[in-house]
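In: attaching a predicted model along with its sequence, questions to come.
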Amino acid sequence: MVPLIFHGTFIHSVTPREVDIIENGLLVVSATGKIVFLERNIPVEDVQKHISTLSSEPDLRSAPVTVLKHGEFLIPGFLDTHNHAPQWTQRGMGRGLLIMDWLNTVTFPHEARFKDPEYARETYAKCVDGFLKQGVTTASYYGSLHGEATKILAKTCLEKGQRALVGKCNMARSAPDFYVDESSKESLETTEDFLAYMKELDPECRLVQPILTPRFAICCDEELLDGLGKIAKREPKMMIQTHFDEARQEVEITRQLFPQFSNEADLYEYFGLFNDRTIMAHCIYPNDYEIGRLKECDVGVAHCPVSNTTGGEWGAAPIRRYIDMGIKVGLGTDNGGGFSSSILDAIRQAVITSNGRAVMTGDRNAVVSLNEAFYMATLGGAKVCNLSDKVGTFAVGKEFDALKITTAEGDRVSTLVEDVDTIADIFEKFLMTGDDRNIASVYVQGRSVKN
Ligand SMILES: O=c1[nH]c(=O)c2nc[nH]c2[nH]1
């Protein structure tokens, strides 16, 4: 790879509330994809002088400098903390159905098609390209239940350069005969085979890593949850993802299937699947006790405001409370659930849904600001995926996962920018009205990955 040098405006979150706008910044990325220099307030004429001081990187001196114009800026790449890759082509279907009806009539028949590796190869190529194009530099993917297709998904991410967590979906019951693991034993064996494959594909998890993925407790019996918990214990860095308190119907069925647990936090914790490596999707209906456990166990929340508000139940998760308590929160497109594969849509919908919650509860404080939604899409998501030492903000030593945003050129129908606009105005307009046409370049580990 070639080194990258940018001069101009860079915008990232420093805390949930606070966005840092770095103007006249100089950002240098080494050929290995790491940020090696970052300073603000550097006149463009002084760029070469600063570069020449970076003596440990001689190839930098001949690298071209990208000077960002008014209306152009860099932001960290988006993290999609909850995404069902096999649902790429069903997105938008069956909205309004209750969760179990939607799974049985729309999702399971669709995911069953991934038995065919050729279909998986074609669809996953489109899916990964589609997310990269929209600035998703990291995705936490659920695969289908098929081992072969899930390997194809992981390989596709690696080849196309997307940072990803990829899981074989475990589901040995509460699903139709045509789409269910043969048994809990077989589900665990297929998972072990997938993990062995991942160790060869990317041994140090530089770009892709496996994630344990019980679909949700409804689809797993005790043997399966116990087996996955044992793998989690054996592999102390391996991430875990599932759905948590996502719908009233789901909470009720979970109680019936696991009467020994009065809540889902205790259920997953009992099986060793509720800890600082866990990403819990939705988290709409936890009670006070479960919210306390989310915090104490340092579990991450994948907030999916688009799917939460377009399924058969309109759900607004208590995001304000999570943020105020210091619970890790990121955004998910829930690709498949919902109507959108865009994190920009998730940002906007997070704000809208929090307004809805504020009205419904009479608590004006429930509102989530645009800055906070941007934080969830970047640094918050990085914390949820336990990747914040690598990505989520711009800092020397971090890897360069970034988006070059342009609002300055072309005949855009959205993100209308005028000369008088400040960079803060332009950033706000981009977040509220922008789309993939404004995402001019996408970088993962310094590699340009937008086709
Ligand atoms: O939004 C969702 N999408 C799914 O595929 C799923 N499976 C269980 N629970 C789920 N929720």
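Out: Structure's in. What do you need?
In: okay, the closest residue to Ser30 other than its chain neighbours and Ile51: tell me how far apart.
Out: Spatial nearest neighbour of Ser30, excluding adjacent residues (Cβ to Cβ, 6 or more residues apart in numbering): Val36 at 4.8 Å. Every residue, glycine included, has its C-beta placed from N, CA and C. From Val36 over to Ile51 the distance is 10 Å, taken as Cβ to Cβ, to the nearest Å.
In: now swap in Val396 and tell me
Out: Distance from Val396 to Ile51, by Cβ to Cβ: 14 Å.
In: so Ala366 sits against Ser354, correct?
Out: Yes. With contact defined as Cβ atoms under 8 Å, Ala366 reaches Ser354; the gap is 5.6 Å.
In: and for these two, which residues touch both?
Out: Listed as contacting both Ala366 and Ser354 by Cβ atoms under 8 Å, 6 or more residues apart in numbering are Ile319, Arg320.
In: more neighbours: those two, which one.
Out: Neighbours per residue, other Cβ atoms under 10 Å: of Ala366 and Ser354, the larger number sits with Ser354, 24 against 20.
In: helix/strand/coil for the closest residue in space to that one that isn't next to it in sequence?
Out: Leaving out its chain neighbours, the residue that sits closest to Ser354 by Cβ to Cβ, 6+ apart is Val368, at 3.9 Å. At Val368 the chain is in coil, as set by DSSP: H, G, I helix; E, B strand; the rest coil.
In: compare Val396 and Ile51 and say which is more crowded by neighbours.
Out: Each of Val396 and Ile51 has its neighbours counted (other Cβ under 10 Å); Ile51 has more, 19 against 12.
In: can you tell me which residues contact the residue of the chain found nearest the ligand?
Out: The nearest approach of the chain to the ligand comes at Gly337, 3.3 Å away (Cβ to the nearest ligand atom). Residues in contact with Gly337 (Cβ under 8 Å, 6+ apart) are His84, Gln87, Trp102, Cys304, Val306, Ser307, Gly311.
In: next, format the residues you listed as JSON lines and append pLDDT, neighbour count and distance to Lys237.
Out: As requested, those are exported to JSON lines (pLDDT from 0 to 100; neighbours: other Cβ atoms under 10 Å; distance: Cβ to Cβ, whole Å):
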{"residue": "His84", "pLDDT": "98", "neighbour count": "27", "distance to Lys237": "24"}
{"residue": "Gln87", "pLDDT": "98", "neighbour count": "23", "distance to Lys237": "27"}
{"residue": "Trp102", "pLDDT": "97", "neighbour count": "22", "distance to Lys237": "33"}
{"residue": "Cys304", "pLDDT": "98", "neighbour count": "33", "distance to Lys237": "25"}
{"residue": "Val306", "pLDDT": "97", "neighbour count": "27", "distance to Lys237": "30"}
{"residue": "Ser307", "pLDDT": "96", "neighbour count": "28", "distance to Lys237": "29"}
{"residue": "Gly311", "pLDDT": "90", "neighbour count": "25", "distance to Lys237": "33"}
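In: give me the subset of the residues you listed that lies in strands.
Out: Using DSSP state E, His84 are the members of the contacts of Gly337 that sit in strands.
In: restrict the contacts of Gly337 to those near the ligand?
Out: Filtering the contacts of Gly337 for proximity to the ligand by Cβ under 6 Å from any ligand atom leaves His84, Ser307.
In: which of the contacts of Gly337 lies closest to His110?
Out: His110 has its nearest neighbour among the contacts of Gly337 in Gln87, at 6.8 Å by Cβ to Cβ.
In: and the gap between that closest one and Thr150?
Out: Distance, Gln87 to Thr150, using Cβ to Cβ: 14 Å.
In: one more: Thr213?
Out: According to Cβ to Cβ, Thr213 and Thr150 sit 9 Å apart.
In: over to Val301?
Out: Here Val301 is placed at a distance of 24 Å from Thr150 (Cβ to Cβ).
In: before we move on, the earlier item: could you look up the SS state of the residue of the chain closest to the ligand?
Out: Three-state call for Gly337 (three-state DSSP): coil.
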